[in-house]
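**Student:** Generate a structure from the sequence data that follows.
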Amino acid sequence: MKTMNPSLPLYLKVARSLEGQIQQGAFAVGDQVPSVRQLALLHRVSISTVLQAYFWLENKGWIEAKAKSGFYVRTPVQSLKPEPAYRSVESRPTAVTVGELMLEVIQAGPAAKISFSAASPSPDRLPMHKLNSIIRRISRQDPSHSVRYSFPPGSLALRKQIAKRSLTFGCGFLPEEITITCGAMEALNLCLRTIGKPGDVIATESPTYFSILQAIESLGMKAVEIPTHYRTGMDLDVLEHAITKHSVRGCIAITNCHNPLGFILSDERKKALVDLLARHDVPLIEDDVYGDLAFAPVRPRIAKSFDRKGLVLACGSFSKTVSPGLRIGWVQSERYHTKIEELKLITSIASPSMSEAVMAMFLESGGYDRSLRQMRAMFEQQVRSVSQAVSKYFPEGTRVSRPEGGYVLWIELPRGTDSVALFRAAIKEGISISPGPIFSASGKFRNCIRLNCGMKWSDELDRAILKLGRLI
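**Tutor:** A predicted model of the protein is given here:
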């Protein structure tokens, strides 16, 4: 280590000392550095001096603060690949054609030894033991839950809990505006059927979550893809042009912790999106299944919070944060509530009574919020670990997203790389990935892939990413 300049301010001496330790590997990315009090005792300086040192290190990009937790070593920005490129192009309505490739990806996933394809956490990341305890308790208290229907709009106790949580979204839902669904995909399907019919044009982000495209395809609708920036979301000029030129009937957007790009739209952009659609009387279906997994200490608002005409249909789910097996989703709408409830009844008749009771109790007990705090920290670290490995092992020309929440990475591979061929080659090596074309109605993003970071980081995952890099 270099000799410290004696003329340096005291706080800078403390900061440079810790900086040197980080550079030499004494602290790895994700490690917690000593607390302010510990470092003050170690260097025999005041707490304010250590705080100045930590602010200096934070501004330099060496560490980051986490609410009620302390300071942690962060990934140096210069060591990561650049963010994906953005290209704005005009789009026209198209029939969705992702079904066959998507089915191949889904069927290959379970057989792979390492699955980066499905956007879901590994079971050890979810509150499995707590849920099983609640299931046993409910089974003793009311055994009939396992053999009865829960007709629309679903459990009042659960709807009350969701309405209470809506305050953190920037909203004030009423229980009677909420319909419980079998996961978010049923919610999205019900919304599409509520606002449109076969042949209608739906505006989608590009790229977007492939099951949204599959829902549009299954209903005989067409998608018009709106170029989507990795920070600022849909190009609103292109969206407005599409609305006027192609008679867009509705729009679907993931405004928080986007799948696959990972961004969180600013409040200004959310309001601008809602205002634009309101001017043209176009409904917005908002998919917010990852909103609770934002890395920031304050949960982001949803676009619905800026809705003044009742045109936003808000959809959510607990599949990504609690359990995919419970199949609990929900949709809220003032204007379209009755129609959604009718369609729910004729589509699946009811939702699982036991699942609703378990989720209501988990929310009411405070267990959900405690679990979320742990999950956010875990997923932020896991995303960082995968990002680092990709930056280390993937070739020049690779670009990587910077997720602000959730647990997926969007990776743009060097020009000329065929992600479908890569997917098939990786499967032979026991590794599954999601190729870019399934995130586009027209098969764009041939040189892109999405990786799931929902598994605990390990040497095995590191070796799998190394193998992917060599295949590329």
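**Student:** what's the burial count for His229?
**Tutor:** 16 (other CB atoms under 10 Å). Every C-beta, even on glycine, is put in place using the N, C-alpha and C of the backbone.
**Student:** An error on my part: the question was meant for Asp237.
**Tutor:** Asp237 sits with 12 neighbouring residues when counted by other CB under 10 Å.
**Student:** what helix or strand is it on?
**Tutor:** helix 236-246 (DSSP states H and E).
**Student:** Provide the contact partners of that helix at residue level.
**Tutor:** 88, 90-93, 201, 203, 224, 226-227, 248, 251, 272-273, 276-277, 280, 282 (CB atoms under 8 Å, 6 or more residues apart in numbering).
**Student:** Which of those residues fall in helices?
**Tutor:** Secondary structure from DSSP state H places Ala272, Leu273, Leu276, Leu277 of the contacts of helix 236-246 in helices.
**Student:** was I right about the second one contacting Gly233?
**Tutor:** Looking back up the chat, that one is Leu273. Yes: between Leu273 and Gly233 there is a contact under CB atoms under 8 Å: 7.1 Å.
**Student:** Those two: which is more packed in?
**Tutor:** Using other CB under 10 Å, the more surrounded residue of Leu273 and Gly233 is Gly233, with 26 against 23.
**Student:** Pop out the phi and psi values for the more buried one.
**Tutor:** Per-residue torsions, Gly233: phi 80, psi -150 (degrees, to the nearest 10).
**Student:** OK, contacts around the residue lying closest to it once chain neighbours are set aside?
**Tutor:** Among residues not flanking Gly233 along the chain, Leu265 sits closest, at 4.8 Å (CB to CB, 6 or more residues apart in numbering). Applying CB under 8 Å, 6+ apart to Leu265 gives the contacts Thr232, Gly233, Thr255, Asn256, Leu273, Ala303.
**Student:** got the contact list for Leu471?
**Tutor:** By CB under 8 Å, 6+ apart, the contact list for Leu471 reads Leu422, Ala425, Ala426, Glu429.
**Student:** So which of those wins on neighbours?
**Tutor:** Ala426 (25 neighbours).
**Student:** What is the burial count for the residue lying closest to it once chain neighbours are set aside?
**Tutor:** In space, and not counting its chain neighbours, Ala426 is closest to Ile433: 5.6 Å by CB to CB, 6+ apart. By other CB under 10 Å, the residues close to Ile433 number 26.
**Student:** Test my guess that Ile433 contacts Ile449.
**Tutor:** Yes: counting by CB under 8 Å, Ile449 is a contact partner of Ile433 at 5.0 Å.
**Student:** shared neighbours of these two, anything?
**Tutor:** Common contact partners of Ile433 and Ile449 (CB under 8 Å, 6+ apart): Ser419, Leu422, Phe423.
**Student:** for those, which one is nearest Glu364?
**Tutor:** Phe423 (42.7 Å; CB to CB).
**Student:** For the nearest residue to that closest one once chain neighbours are set aside, what are phi and psi?
**Tutor:** Distance criterion CB to CB, 6+ apart; nearest residue to Phe423, sequence neighbours excluded, is Pro435 at 4.4 Å. The phi/psi pair for Pro435 (degrees, to the nearest 10) reads phi -70, psi 150.
**Student:** The one 5 residues further on too?
**Tutor:** Dihedral angles phi and psi of Ser440 (degrees, to the nearest 10) take the values phi -140, psi 140.
**Student:** Can I get stretch 292-301 in CSV, CA atoms only?
**Tutor:** Provided in CSV are the C-alpha atoms of stretch 292-301 (Å, rounded to 0.1, in the frame of the first residue of the first chain):
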residue,chain,number,x,y,z
ASP,A,292,-42.4,-5.0,-4.0
LEU,A,293,-38.9,-6.1,-5.0
ALA,A,294,-37.5,-2.7,-5.7
PHE,A,295,-34.0,-2.3,-4.2
ALA,A,296,-34.7,1.3,-3.0
PRO,A,297,-35.8,1.6,0.6
VAL,A,298,-39.1,3.2,-0.5
ARG,A,299,-41.5,1.2,-2.5
PRO,A,300,-42.1,2.9,-5.9
ARG,A,301,-45.6,4.2,-6.8
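**Student:** for that stretch, what is the average pLDDT?
**Tutor:** The pLDDT scores in stretch 292-301 average 92.
**Student:** Repeat that for stretch 229-238.
**Tutor:** The model assigns stretch 229-238 a mean pLDDT of 95.
**Student:** can you give me the end-to-end distance of that stretch?
**Tutor:** Stretch 229-238 has an end-to-end distance of 12 Å (CA to CA, to the nearest Å).
**Student:** Give me the buried stretch members for it, please.
**Tutor:** For stretch 229-238, the neighbour count (16 or more other CB atoms under 10 Å) marks His229, Tyr230, Arg231, Gly233, Met234, Asp235, Leu236, Val238 as buried.
**Student:** thought the third one was touching His258?
**Tutor:** What that stands for is Arg231. No: under the criterion of CB under 8 Å, Arg231 is not in contact with His258, lying 10.1 Å apart.
**Student:** Residues that sit against both of these two, list them.
**Tutor:** With CB under 8 Å, 6+ apart as the test, Arg231 and His258 reach no residue in common.
**Student:** So what touches the helix or strand of the chain with the lowest mean pLDDT?
**Tutor:** Here the helix or strand of the chain ranked lowest by mean pLDDT, DSSP states H and E is strand 63-66, holding a mean of 82. Identification of contacts with strand 63-66 by CB under 8 Å, 6+ apart yields Ile22, Val33, Tyr54, Leu57, Glu58, Phe71, Tyr72, Val73, Arg74, Pro297, Ala377.
**Student:** Equivalent analysis for stretch 67-86, please.
**Tutor:** Contacts of stretch 67-86 (CB under 8 Å, 6+ apart): 22, 27-33, 35, 54, 57-58, 61-66, 227, 229-231, 261, 297, 377, 384, 387-388, 390-391, 394, 398-402, 410-412, 448.
**Student:** rewinding a little: want to throw the buried residues of stretch 229-238 into TSV with distance to Leu158?
**Tutor:** Listed next are the buried residues of stretch 229-238 as TSV, based on distance: CB to CB, whole Å:
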residue	distance to Leu158
His229	36
Tyr230	35
Arg231	35
Gly233	30
Met234	32
Asp235	37
Leu236	35
Val238	39
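**Student:** what's the closest of those residues to Asp459?
**Tutor:** The closest of the buried residues of stretch 229-238, once distances to Asp459 are taken by CB to CB, is Tyr230, at 30.0 Å.
**Student:** and Ile178, what are its phi and psi?
**Tutor:** phi -110, psi 140.
**Student:** May I ask you to confirm that Ser434 is in contact with Ile427?
**Tutor:** No: applying CB under 8 Å as the test, Ser434 and Ile427 come out as separate, 11.9 Å apart.
**Student:** What distance do you get for Glu90 to Leu261?
**Tutor:** 20 Å (CB to CB, to the nearest Å).
**Student:** okay, the two: which has more neighbours?
**Tutor:** Leu261 (27 against 13).
**Student:** List buried residues within the contacts of stretch 67-86.
**Tutor:** 22, 27, 29-30, 33, 54, 57, 62-63, 227, 229-231, 261, 377, 384, 387-388, 390, 394, 398-402, 410-412, 448.
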